[in-house]
Every structure is written in structure tokens, then in C-alpha cells.
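Asks: Dropping a prediction and its sequence here:
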Amino acid sequence: GGCTEVLMAQAIDRQVEATPGKKALAMASFARALRQLPAIVADNGGYDSAELVTQLRAAHAAGKNTHGPVGGCTEVLMAQAIDRQVEATPGKKALAMASFARALRQLPAIVADNGGYDSAELVTQLRAAHAAGKNTH
């Protein structure tokens, strides 16, 4: 993920200001954890997380907060890479790999739904961007 996590973190940050006590600390910690997810996913996918996360932050600062350089992109790219390996992998290992690729493709929709966003619209935009060769949006 990326865009949705940043948007959720920003929404939580706004609520933290009006929340008293320890609950505010827990909320702030959760927002920090959400902001770390794009870098973790990018690193695990073998991408330059520093570059992707700075692009994401710049896009959000410029008001482009409906999709971002990471927002589901990393999961889709990792799923595509796994799909390419599945073709050359024999046996049950290929089935497990294909299942993991399917799970990766579901993550952007799950995160969007949990953030209260229209996952169908966001995932459709993500797939269209990838089909057009825009693999960093």
C-alpha cells in the first residue's frame, strides 16, 4: 500500500488532536505504523523505498491524494513478478506462489475498504495505470 495508508494516517492525526489521554498515544502510534507500511512493502519487493516514499509524500503535499507512487503499485508489481516465476516452477510450489500473488492483488482493495475509500474505483485506476505501463503510480 501507500496512498491509502498515508490518507488513513492523516485522518488519524486529525483525530488525535481532539482525543484525550492514552487513547491519543495509541492512535498516534498506529498512524506512525501506517506511514511505515509503504517503505516496508517496497523494500520487501526489492524496490527503492526511499525513492518511492519521497515520491508519495511529494504527491500528497501537492494535493494528489487519490493515488500515489506506491498506492498498491508495489503489490501489483510483486504479484506480476511472482506470476512470471510461477510459469517456470513445477508442482505444488507453483500453486502456493500463485495463491500468494492473488493475495497481493487483494491488498490494495482491503486497505482501501478499511480506510473508508471506494476500493472498486481505486483498484480500477491502479489496474488501468499498470495496463498503460505506469508502474510507479
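Replies: Perfect, I can see it now.

Asks: got the CA coordinates for the helix or strand where L77 lies in CSV?
Replies: Per DSSP states H and E, L77 falls inside helix 73-86. Extracted C-alpha coordinates of helix 73-86, given in CSV (Å, rounded to 0.1, in the frame of the first residue of the first chain):
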residue,chain,number,x,y,z
CYS,A,73,1.7,-0.4,-7.1
THR,A,74,4.2,-2.4,-5.2
GLU,A,75,1.8,-5.2,-4.5
VAL,A,76,0.8,-5.4,-8.2
LEU,A,77,4.4,-5.4,-9.3
MET,A,78,5.3,-8.1,-6.8
ALA,A,79,2.3,-10.2,-8.0
GLN,A,80,3.4,-9.8,-11.6
ALA,A,81,6.9,-10.9,-10.8
ILE,A,82,5.7,-13.9,-8.9
ASP,A,83,3.4,-14.8,-11.8
ARG,A,84,6.4,-14.8,-14.1
GLN,A,85,8.1,-17.2,-11.8
VAL,A,86,5.1,-19.5,-11.5
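
Asks: Follow the chain on from it and name the next helix or strand.
Replies: That would be, after helix 73-86 and using DSSP H and E, helix 92-114.

Asks: for that next one, packing partners?
Replies: helix 3-16, helix 73-86, helix 119-131 (3 or more C-beta pairs under 8 Å, 6 or more residues apart in numbering; DSSP states H and E). Heads up, the C-betas are built off the backbone N, CA and C, glycines and all.
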